[in-house]
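**Q** This is a predicted model, with the sequence first.
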Amino acid sequence: MSKQSPVTYAEDTLGVHTVYSDAQDVHEELDKNLGIYATQAKRIRQANDAIDQREFDLAGELKAEDPSLSIEGMKRAIKDAHRTDETLNKMRKVLYDAQGKQEDAYAESETCKYRLRVLSARMNELGGLLAFLAAAKSAAARPQA
């Protein structure tokens, strides 16, 4: 059995640097996903604003077409227009796409957070182990009384 240097043991056997670089990679992935989340939140706000404006415009157009329409008749006409308007349907598709991407980014972010917690705990554990090994080596190097 060959004697390993403490540095070789820490790096090769315990994987100290591997854990650290894995944590850095996960942190970068978390940062990327949080950026995607924020971008999609902005798209969602913009899509909602555009949808609200289009719905308002449709109601105005319907009222202008037939000002004598009853309240119930107007409700039905607006409901039908909201369902069949091509522009509004395209806007909803953009909204649903942004919501899906935001949900995916959120889920990935949560996964990254848990992975970071595990890696952080592993680094703490390795730090304690390395401190123990250093103390043991120091005690072994002292002359026996």
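**A** Thanks, I have it.

**Q** dump the residue contacts of S120.
**A** A23 (CB atoms under 8 Å, 6 or more residues apart in numbering). In short, each C-beta sits where N, CA and C put it, glycine included.

**Q** same question, R54
**A** By CB under 8 Å, 6+ apart, the neighbours of R54 are D85, T87, L88, M91.

**Q** Go again with 6 Å.
**A** T87, L88 (CB atoms under 6 Å, 6 or more residues apart in numbering).

**Q** Check which helix or strand it maps to.
**A** Assessed by DSSP states H and E, R54 sits inside helix 16-65.

**Q** what sits up against stretch 10-18?
**A** L126.

**Q** One more pass at 7 Å, please.
**A** The contact list for stretch 10-18, computed with CB atoms under 7 Å, 6 or more residues apart in numbering, reads L126, L129, L130.

**Q** Could you pull up the mean pLDDT of it?
**A** Mean pLDDT, stretch 10-18: 83.

**Q** again with stretch 56-64
**A** Rounded mean pLDDT across stretch 56-64 is 93.

**Q** and it, which residues are buried?
**A** L58, L62 (16 or more other CB atoms under 10 Å).

**Q** Among the contacts of stretch 10-18, which lie within strands?
**A** Nothing among those maps onto strands, per DSSP state E.

**Q** All good on my end, thank you.
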